[in-house]
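> Give me the fold of what follows.
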Amino acid sequence: MLIIFMDLAQSFSYPSNKTSFNKWVMLQNFLVGIGLSIYLIYIIPNDEVRTITIPIVAAIYGGFITLIGVAWTIKKSDFDRKEDEIKKARPLVFVFDPRTINKSMGKPIFKHLFSEKNVGTLKKAGNEESTYSIPAIYLNNSDYSHTALWGFRINDDIHIYDIGQVIPKNAFVEMNSDYKFTYNSEIKYVALLLKDMLDNIYELEVNFEIQGLDKDKTIQILSGIETKKTNLVFNYKEVE
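Prediction:
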């Protein structure tokens with residue numbers, strides 16, 4: 001019976017990783033346990049023993065039900081608190097088209113993005129290979145939260161910079177990189193990988209334009225589209 005109560009409490013904790021079917025099975029087991037307890041009480045031949053047993057069993061069930069309610073409330077409060085922290089740390093970064101930047105915006109903060117380790121699934125280009133690069137990215141962070149430019153995504157491939165460069169609150173930043181990579185497929189999707197202060201990774205999907213010659217092309221980032229939590233699993237390895 002104790003096992004049934006423990007499973008039931010875990011099943012209805014917040015949030016629960018059990019399916020609705022599993023919850024229904026646990027609830028059925030709980031109801032069967034109550035019915036079985038009532039049956040066992042009423043087949044006790046001694047009336048005095050039965051009279052003593054009924055309030056004891058009722059108190060045990062009442063205590064377990066109260067315990068389940070308290071556990072659910074605590075779990076929900078903890079879940080809500082973590083969700084609030086995630087919302088407060090969520091990046092809100094704006095991308096600027098370099099062609100529209102004017103002097104009234106002031107001088108940007110210059111930062112360099114290092115890629116000596118070449119971490120990710122993109123292949124670093126050799127001297128004689130055709131290359132792609134993202135030489136400059138112009139960003140303006142809101143005053144909402146600190147965030148860091150961690151890397152970028154091309155289709156389903158990624159590159160992680162050696163050091164995630166922090167974008168201060170309410171700051172206009174120019175990120176420069178000399179990293180060049182090879183890519184044989186058509187580039188249909190480009191996103192900047194942003195890391196918040198809770199180490200959550202987001203994708204800032206961008207509009208882009210590919211410029212340059214056949215051998216050396218640049219990806220010019222023009223504007224942002226949407227910031228969302230990434231769907232990639234970062235079990236990456238260093239690419240030789």
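> ok, now how distant is N141 from F96?
The gap separating N141 from F96 is 12 Å, by CB to CB, to the nearest Å. Using the backbone N, CA and C atoms, a C-beta is placed for each residue, glycine as well.
> ok, residues contacting stretch 180-189?
With contacts defined as CB atoms under 8 Å, 6 or more residues apart in numbering, stretch 180-189 is touched by 122-126, 129-133, 153-155, 157, 159, 205, 208, 210, 216, 219.
> Doesn't E209 lie inside a strand?
Yes - with the criterion set as DSSP: H, G, I helix; E, B strand; the rest coil, the secondary structure at E209 is a strand.
> so who does the closest residue to it other than its chain neighbours touch?
Excluding the flanking residues, the one nearest E209 by CB to CB, 6 or more residues apart in numbering is Q220, at 4.7 Å. For Q220, the set of contacting residues under the criterion of CB under 8 Å, 6+ apart consists of 98, 208-211.
> Max pairwise distance over these: which two?
Based on CB to CB, the longest span within the contacts of Q220 runs between P98 and I210 and measures 14.8 Å.
> Tell me how many other residues crowd T218.
Applying the criterion other CB atoms under 10 Å, we find 18 residues in the vicinity of T218.
> Show me what secondary structure element comes after the longest helix seen in the chain.
Longest among the helix segments of the chain by residue count, using DSSP state H, is helix 47-89. Once helix 47-89 ends, the next helix or strand along the chain (criterion: DSSP states H and E) is strand 93-95.
> What pairs with the helix or strand just after that next one, parallel or antiparallel?
For strand 93-95, the following helix or strand on the C-terminal side (DSSP H and E) is strand 109-113. As defined by DSSP bridges, the strand partners of strand 109-113 come to strand 172-177 (parallel).
> List the buried residues of the strand it pairs with.
Under the neighbour-count criterion of 16 or more other CB atoms under 10 Å, strand 172-177 has 172-175, 177 buried.
> What of stretch 105-122?
Of the residues in stretch 105-122, 108, 111, 113, 115, 118-120, 122 count as buried by neighbour count, 16+ other CB under 10 Å.
> Serialize those to TSV and add fields for pLDDT and distance to W72.
As requested, those are arranged in TSV below (pLDDT from 0 to 100; distance: CB to CB, whole Å):
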residue	pLDDT	distance to W72
P108	88	50
K111	94	46
L113	95	46
S115	94	48
N118	89	48
V119	91	42
G120	91	42
L122	94	46
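> Can you add distance to F79 and give those residues back as JSON lines?
Supplementary listing: the buried residues of stretch 105-122 in JSON lines, determined by distance: CB to CB, whole Å:
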{"residue": "P108", "distance to F79": "39"}
{"residue": "K111", "distance to F79": "36"}
{"residue": "L113", "distance to F79": "36"}
{"residue": "S115", "distance to F79": "38"}
{"residue": "N118", "distance to F79": "39"}
{"residue": "V119", "distance to F79": "33"}
{"residue": "G120", "distance to F79": "33"}
{"residue": "L122", "distance to F79": "37"}
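> What strands flank the longest strand seen in the chain, and is each parallel or antiparallel?
When every strand of the chain is counted residue by residue (DSSP state E), the longest turns out to be strand 216-229. Strand 216-229 has the following sheet partners, assigned by DSSP bridges: strand 131-133 (parallel), strand 201-212 (antiparallel).
> what's the angle between that strand and helix 47-89?
Relative orientation of strand 216-229 and helix 47-89, computed by axes from the mean of the first three to the mean of the last three CA atoms, to 10 degrees: 150 degrees.
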